[in-house]
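Enquirer: make a model of this:
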Amino acid sequence: MKRILSAILAMAMILSMAACGSTTETEETNTESTTTTETTETTETEEESKEPEKEVPTVLRLSDTADIDTLDPMNSMLGSSGAILALIYENLIEYAYWYDANGNTVSGYKGVLAEDWAFSDDYLTVTFNLKKGVLFQNGSEMKASDVVFS
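Expert: You can find the predicted model right below:
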């Protein structure tokens with residue numbers, strides 16, 4: 001009885017693998033031949049009359065264990081908000097780890113949006129020199145007033 005059951009299971013597995021393998025090869029062959037046919041039949045006059053292809057919007061979906069409380073990084077109280085906000089906002093500087101030329105781990109503060117920074121003599125004021133050419137998603141350049149506002 002066990003031999004018969006084993007044989008039936010083995011046949012079922014072989015058939016399922018064979019069915020999956022042949023479908024993929026057929027689809028690839030059909031796709032390639034269709035593409036080749038369309039490319040061959042296209043002429044210069046058809047290319048000129050075609051409308052430009054519309055951009056397909058890119059959607060990024062994230063899942064998290066909790067809802068975020070706000071998109072304002074200064075008023076955020078939840079750890080789950082911090083994870084999402086880190087994907088949206090850049091910092092002036094960050095504490096980072098990297099490797100030097102010898103392969104040793106080095107850590108320290110590194111400029112992200114700030115090129116360099118300096119402390120006043122009494123250490124109450126920090127002056128940041130911002131990187132040039134940093135753009136927002138709408139194409140406008142980042143200015144010092146943007147940093148002060150945020």
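Enquirer: read off the pLDDT value for Met77.
Expert: Met77 is assigned 84 on the pLDDT scale.
Enquirer: middle-most residue in this structure, spatially?
Expert: Nearest to the centroid of the C-alpha atoms of the chain, with distances taken as CA atoms, centre = their mean, sits Leu60, at 8.0 Å.
Enquirer: next one: it from Leu87, what distance?
Expert: Going from Leu60 to Leu87 by CB to CB, to the nearest Å gives 9 Å. C-beta here means a position set from N, CA and C on the backbone, and glycine is covered the same way.
Enquirer: outside of stretch 123-130, which residues touch it?
Expert: The set of residues that contact stretch 123-130 without belonging to it, under CB atoms under 8 Å, 6 or more residues apart in numbering, is 92, 113-120, 142-144, 147.
Enquirer: switch to 10 Å and redo it
Expert: 92-93, 111, 113-120, 141-144, 146-147 (CB atoms under 10 Å, 6 or more residues apart in numbering).
Enquirer: what about that stretch, average pLDDT?
Expert: If you average the pLDDT over stretch 123-130, you get 95.
Enquirer: so which bits of it are buried?
Expert: Neighbour-count burial for stretch 123-130 flags 128, 130 (criterion: 16 or more other CB atoms under 10 Å).
Enquirer: kindly report the same for stretch 83-98.
Expert: Buried residues in stretch 83-98, defined by neighbour count with 16+ other CB under 10 Å: 84-85, 92-93.
Enquirer: straight-line length of it, end to end?
Expert: Stretch 83-98 has an end-to-end distance of 21 Å (criterion: CA to CA, to the nearest Å).
Enquirer: could you give the mean pLDDT of it?
Expert: Averaging pLDDT along stretch 83-98 yields 88.
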